[in-house]
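1. Below is the sequence, then the predicted model.
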Amino acid sequence: MAPAPCAICKTERALIKRPKNHQKLCKQCFITIFEDEVHHTISSSQLFYPGERVAIGASGGKDSTVLASVLKTLNDRHNYGLDLILLSIDEGIKGYRDDSLETVKRNSQQYDMPLKIVGYDELYGWTMDQVVETIGKKGNCTYCGVFRRQALDRGAKMLDIKHVVTGHNADDVAETILMNLLRADIARLSRSTNIMTGSDASEVKRSKPLKYAYEKEIVLYAHHKKLDYFSTECIYSPEAFRGSARGLIKSLERVRPSAILDIVRSGEDMARLVPGEVSGSCECKGGGQSLDNEVGGGCGSRNGQGTKKELAALEAKQSETEAAEALETDITTQTVPVTRKVALRPAPGAKRATVTQQVLGRCESCGYMSSQAKCQACMLLDGLNKNRAQIQI
Ligand SMILES: Nc1ncnc2c1ncn2[C@@H]1O[C@H](COP(=O)(O)OP(=O)(O)OP(=O)(O)O)[C@@H](O)[C@H]1O
């Protein structure tokens, strides 16, 4: 059988079956259409303004490496006028992050972009190796996710940059939507669909230019562009719930390639039903103090007067929920630490419900943005430091 010609140029031989829609393309047409689609995402969402300084959250993995490469290409091709800088967080994981950072250092040369590395060690006085040594592997992603989110913000601030882009792709977004759907957390589901998080009042905004790019296409792009990336999984990584959501999405993708984008679109449609960014609450009057605005204390917690046991329970819950969102959770951003009531659109025949929307202030310990008196990172650090003191005694 004669080889199929490329569905776009009709002249070259098709070498690639697009995972997104099974279109058969030659290498060059695939690369071009992938870049054009990211450009479309950027321009239709008006992600950047000319002259903007943008930090690329660079882990050395495939997603952020592709993001850096594509942004460089598009910046040159379409004259975005962006000043692009690589920002890497060194979590302090020997045999993993030290190796991937070597890749980022090479990327910095290859893409001619300055690189800033910020370590958990310098920011928090703890490396993830030390955290795991202290608390064990279970739940460690919670610490890592909370620390990294803040570290990216703090790194950006050190660079006087107000916009961080990350390599989250369509599969990541679909996973998060599914996880929030399975947790019946429509408010968080709504936030996880945003391409851009943060607001004018926020000090650092986040965006995901690869939000509509399939993971498989990112791998193909990296392969055909011969990009230099690091492909080892984190040695502490297992996130049970996200892993299950991922498995489900991969199975759906096998029978229906459009499933990933369909989930993303459905998530966006559902998000439109949620007025503003709101934190969910249950019918009981618990409304407990969470580690921050992400986990409602709710049932069983006594109006936020968390005992050690409750904190531990919250932390355990966090390891299922918070870490799963890791870098994707945004914070409702205002400048004063207040909460306000927001009315949810009621179901037909139901009473109008209100939920508490938390807005941004400053952490009393570190002075960093927080919707609670103490930010999540400081709450977690308090526990770790107590542990360290006990071990030393
Ligand atoms: N240590 C880090 N330093 C800077 N940015 C990071 C770091 N870890 C993750 N990120 C950012 O968050 C995004 C999602 O991270 P995640 O841990 O889910 O990795 P991933 O999906 O394997 O992405 P990648 O392939 O880029 O590592 C990354 O694409 C990157 O932009």
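-> In hand now; what should we look at?
2. only C-alpha atoms for contact and neighbour calcs from this point on.
-> Noted.
3. how about the helices in the stretch 151-300 of the chain?
-> Assigned helices in the stretch 151-300 of the chain, in chain order: 170-182, 186-192, 215-224, 240-255, 259-271 (criterion: DSSP state H, counting those that start in this stretch).
4. and the chain, which residues reach the ligand?
-> By CA under 6 Å from any ligand atom, the residues of the chain that approach the ligand are 57-64, 87-90, 166-168.
5. Quick check: chain neighbours aside, which residue is closest to L84?
-> V54 (5.1 Å; CA to CA, 6 or more residues apart in numbering).
6. Test my guess that the one you found contacts L87.
-> No - between V54 and L87 there is no contact under CA atoms under 8 Å: 9.5 Å.
7. thinking again about what came up before, need the max-distance pair from the residues of the chain next to the ligand.
-> Using CA to CA, the pair of the residues of the chain next to the ligand lying farthest apart is D90 and H168, separated by 18.4 Å.
8. if we can go back for a sec, would you mind giving the helices of the stretch 151-300 of the chain as JSON lines with mean pLDDT added?
-> Shown next, in JSON lines, are these (pLDDT from 0 to 100):
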{"stretch": "helix 170-182", "mean pLDDT": "95"}
{"stretch": "helix 186-192", "mean pLDDT": "88"}
{"stretch": "helix 215-224", "mean pLDDT": "97"}
{"stretch": "helix 240-255", "mean pLDDT": "90"}
{"stretch": "helix 259-271", "mean pLDDT": "95"}
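9. Break down this protein into its strands, ranges please.
-> Taking DSSP state E as the criterion, the chain carries its strands at 16-17, 24-25, 53-57, 83-90, 115-119, 163-165, 196-197, 205-207, 339-344, 353-358, 361-362, 369-370.
10. Now do the longest one: which elements does it pack against?
-> What that stands for is strand 83-90. If you count contacts as 3 or more CA pairs under 8 Å, 6 or more residues apart in numbering; DSSP states H and E, strand 83-90 packs onto strand 53-57, helix 97-110, strand 115-119, helix 140-158.
11. can you redo the helices of the stretch 151-300 of the chain as CSV with mean neighbour count?
-> Listed next are these as CSV, based on neighbours: other CA atoms under 10 Å:
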stretch, mean neighbour count
helix 170-182, 23
helix 186-192, 24
helix 215-224, 18
helix 240-255, 15
helix 259-271, 19
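12. To S365, which of those lies closest?
-> helix 186-192 (26.3 Å).
13. hmm, back to that, can you flag the weakest of the strands of the chain by average pLDDT?
-> Looking over those, mean pLDDT reaches its minimum on strand 339-344, with a mean of 44.
14. show me the contacts for the closest residue in space to C26 that isn't next to it in sequence.
-> The shortest distance from C26 to any non-neighbouring residue, by CA to CA, 6+ apart, is to A14 (4.2 Å). Residues near A14 by CA atoms under 8 Å, 6 or more residues apart in numbering: 3-7, 24-27.
15. of these, closest to L381?
-> Nearest to L381 among the contacts of A14, with distances taken as CA to CA, is K27, at 48.6 Å.
16. My guess is the closest one contacts K225. True?
-> No - counting by CA under 8 Å, K27 does not reach K225; the two are 9.4 Å apart.
17. so who does S207 touch?
-> 47, 163-166, 195-197.
18. In stretch 142-157, which residues are buried?
-> For stretch 142-157, the neighbour count (16 or more other CA atoms under 10 Å) marks 142-156 as buried.
19. go on, stretch 372-386?
-> 372-381, 384.
20. Averaged pLDDT, it. What do you get?
-> Taken as a whole, stretch 372-386 has a mean pLDDT of 90.
21. And for the residue lying closest to E268 once chain neighbours are set aside, the neighbour number?
-> Spatially, and ignoring its direct neighbours in sequence, E268 is nearest to T193 (5.7 Å; CA to CA, 6+ apart). For T193, the tally of surrounding residues (other CA atoms under 10 Å) stands at 23.
22. where does T193 sit relative to D171, distance-wise?
-> Between T193 and D171 the distance is 12 Å, computed by CA to CA, to the nearest Å.
23. what does K62 give?
-> Counting by CA to CA - K62 and D171 are separated by 13 Å.
24. Cheers, nothing more for now.
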